[in-house]
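**Q** Take a look and give me a structure for this.
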Amino acid sequence: MTKTNPKTIEFYFDVGSPTAYLAYKRLQQLKAQYNCIIIYKPVLLGGLFKASGNSSPVTVPAKGRYMMMDDLPRFAKLYDVPLNNNPHFPINTLNLMRGAVAALHTDYFDTYLDAIFSAIWVESKNMGDLDIVAEVLTDANLNTAAILTSTQDSEVKTALITNTEKAVEKGLFGAPTMFVDNEMFFGQDRLQFVELTLQQSNKK
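**A** This next block holds a predicted model:
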């Protein structure tokens, strides 16, 4: 058996999505188990919806209730990760995603992303409120002033827009979306197929 190079997973996400949160947590588990590499792609979910004509499941009340009250808690239990409803949902994540873009190639990216996801989907905080965002970043021992300033940088703003436009060109219509070997997997409930791809790669 020859040792193969680690698989790379492109992860398109917006922190305002509970399914993106679950995908993020599950991908961490898969990374530890299969030694895969995760390439993070911050995008604006609203931009994907607008460009593709798609919409959030919560726009259908019965579907939204089912997703939030039944479906997602089942997956959280399956993955053994915490998940709580956020009374402030949906949250405007524009500045949070700009912060993710600015942090992308820094040594604090993992800390930033984990703090933001946890604040929204575990601690149920209103992360559309900049004062609360500042508190979360400070509690995570991050440079709050520098991060908040970075969200207003013109290059960061442009990069987030470009990320979203390129995602649309690649065929995305929502998030989370993953790519492995140019094969697209939409939704955290398709991660079983991502894992199957990793398993097959490890057998080679």
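
**Q** from here on, contacts and neighbour counts on C-alpha atoms
**A** OK.

**Q** low pLDDT regions in this protein?
**A** For the chain, the stretches with pLDDT under 70 are 1-4, 204.

**Q** Can you show me the helices along it?
**A** Listed in chain order, the helices of the chain (DSSP state H) span 18-34, 45-52, 61-66, 72-79, 94-103, 109-121, 130-139, 144-150, 154-169, 191-203.

**Q** Could you work out which of those helices reaches nearest to H88?
**A** helix 109-121 (8.9 Å; C-alpha to C-alpha).

**Q** Packed most tightly, which of the helices of the chain would that be?
**A** Sort the helices of the chain by mean neighbour count, taking mean count of other C-alpha atoms under 10 Å, and helix 94-103 sits at the top with a mean of 24.

**Q** Output the contacting helices and strands for it.
**A** With contacts taken as 3 or more C-alpha pairs under 8 Å, 6 or more residues apart in numbering; DSSP states H and E, helix 94-103 sits against strand 37-42, helix 109-121, helix 144-150, helix 154-169.

**Q** Residues contacting the third one, please?
**A** Contacts to helix 144-150, defined as C-alpha atoms under 8 Å, 6 or more residues apart in numbering, come from residues 98-99, 102-103, 134, 137-138, 156.

**Q** My read is that K41 contacts I161, right?
**A** No. If you go by C-alpha atoms under 8 Å, K41 and I161 don't touch, sitting 11.6 Å apart.

**Q** For D71, which of the helices and strands packed on helix 94-103 is the nearest?
**A** Minimum separation from D71 across the helices and strands packed on helix 94-103 (C-alpha to C-alpha) falls at helix 109-121, 14.9 Å.

**Q** between that closest one and helix 130-139, how big is the angle?
**A** Using axes from the mean of the first three to the mean of the last three C-alpha atoms, to 10 degrees, one finds that helix 109-121 and helix 130-139 are set 130 degrees apart in direction.

**Q** can you pull the alpha-carbon coordinates of helix 109-121 into PDB?
**A** Presented in PDB, the C-alpha positions along helix 109-121 are these (Å, rounded to 0.1, in the frame of the first residue of the first chain):
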ATOM      1  CA  PHE A 109      -7.700  32.500  12.300                       C
ATOM      2  CA  ASP A 110      -8.600  29.300  14.100                       C
ATOM      3  CA  THR A 111      -9.200  31.100  17.400                       C
ATOM      4  CA  TYR A 112     -11.300  33.800  15.600                       C
ATOM      5  CA  LEU A 113     -13.500  31.400  13.700                       C
ATOM      6  CA  ASP A 114     -14.100  29.100  16.700                       C
ATOM      7  CA  ALA A 115     -14.900  32.100  18.900                       C
ATOM      8  CA  ILE A 116     -17.400  33.500  16.400                       C
ATOM      9  CA  PHE A 117     -19.100  30.200  15.700                       C
ATOM     10  CA  SER A 118     -19.400  29.400  19.400                       C
ATOM     11  CA  ALA A 119     -20.700  32.800  20.300                       C
ATOM     12  CA  ILE A 120     -23.600  32.400  17.700                       C
ATOM     13  CA  TRP A 121     -24.400  28.700  17.900                       C
END
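
**Q** Done for today, thanks.
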